[in-house]
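>>> requesting a structural model of the entry that follows:
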Amino acid sequence: MAPEKGAKAHLLSAMADLTSPGTVSQADHLTRYPRVPTGVPGLDELIEGGFEKNSTVLLLGGPGTGKSTMALQFLYNGVVQYNQKGVFITFEETLGMITKHMARYGWDVQKLVDEKKLAIINFKPHEVKRFTEEGGGMIYDTIENSGAERLVIDSLTSYTLLFESLYEARESQLGLFDMLRKWNCTSVLTGEKFLHKNKSMLSDIEYLTDGVILLHNPRYKYVRIRALEILKMRGTAFLQKLCPYVFEDNVGVKVFPQEDVFETSLFQ
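Below you'll find the predicted structure:
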């Protein structure tokens, strides 16, 4: 079977599972749970047009896989393509660094910030406890005042490492997800994953999210292979295959749903 036909058949089969006797139709389901398109070329095709509105998606990958790029792409496209404001919370990069690194994709981040369509908030290590103790007060105020509908936290791993003990980190993670559910935003959280056996250092909180996307980049001979995999997406018929992706100037991340990844044994 040709890759394109096989991919389409797989997705149709998954959609049929969601619309089996006794369940609502696909059209009714999408009406009841509207989608928020990511605008990432090829990704929305995999997930019935986008993330469910107000859902929380965990984007996992090793260094250099493009987690931050894809997360910011979700926010940038939200503003320029769908007129949805966004908030970017970072524990790593400053606004200057983000503006510089994203310019190669043609994204004028500073312009959106100046127009108050995108808010970028950088938390220092000593500010993290205040962030959780105040119930995310600054974030909530920003969302309320701007009318933001999209939120990114980059990264959950950095956030976790800022606590003195695993217990404190765990309690704060649970509190964070409680806050996310109250903010009525479609949220993307990035995080590191171990490069062996697909085990994430955040695997114990994956069950709290509505979706999990894995970004792989194992080395094959003299090159790195980049592939995206939808591990989990509640209420969504999604394509269960490894899809190659690239970084493209003036675009960002671009996914190829109909293409196959060679040497799939590298991803086991």
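>>> whichever strand or helix holds Ser68 - contacts with which helices or strands?
When secondary structure is defined using DSSP states H and E, the element that contains Ser68 is helix 67-82. Helix 67-82 makes packing contacts with strand 56-61, strand 86-90, helix 95-102, helix 109-114, strand 118-122, strand 150-154, strand 186-192, strand 252-255 when contacts are defined by 3 or more C-beta pairs under 8 Å, 6 or more residues apart in numbering; DSSP states H and E. From N, CA and C alone the C-beta is placed, and that goes for glycine too.
>>> ok, residues contacting the fifth one?
Identification of contacts with strand 118-122 by C-beta atoms under 8 Å, 6 or more residues apart in numbering yields 75-76, 79, 85-91, 93-95, 98, 109, 112-113, 138-139, 142, 146, 148.
>>> what's the angle from that strand to helix 67-82?
Here strand 118-122 points in a direction 160 degrees away from that of helix 67-82 (axes from the mean of the first three to the mean of the last three C-alpha atoms, to 10 degrees).
>>> what does the first one give?
Counting by the same axes, to 10 degrees, strand 56-61 lies at 140 degrees to helix 67-82.
>>> tell me what the closest residue to Val57 other than its chain neighbours is bridged to.
Residue nearest to Val57 in three dimensions, not counting chain neighbours: Gly211, with 3.9 Å by C-beta to C-beta, 6 or more residues apart in numbering. With beta bridges defined as DSSP bridges, Gly211 has these partners: Val57, Met233.
>>> please begin residue numbering at 29 from this point
Let's use 29 as the start, then, which means that last one is Gly239.
>>> measure Gly239 to Leu190 for me?
Remark: distance between Gly239 and Leu190 (C-beta to C-beta, to the nearest Å) = 25 Å.
>>> three-state assignment of Gly67?
State at Gly67, reduced to three classes by DSSP: H, G, I helix; E, B strand; the rest coil: coil.
>>> separation between it and Phe191?
As it turns out, when the distance is counted by C-beta to C-beta, Gly67 lies 34 Å from Phe191.
>>> next one: Val216
Following C-beta to C-beta, the distance that separates Val216 from Phe191 is 22 Å.
>>> so which of the two has more stuff around it?
The residue with more neighbours, out of Val216 and Phe191 and counting by other C-beta atoms under 10 Å, is Val216; that gives 29 against 18.
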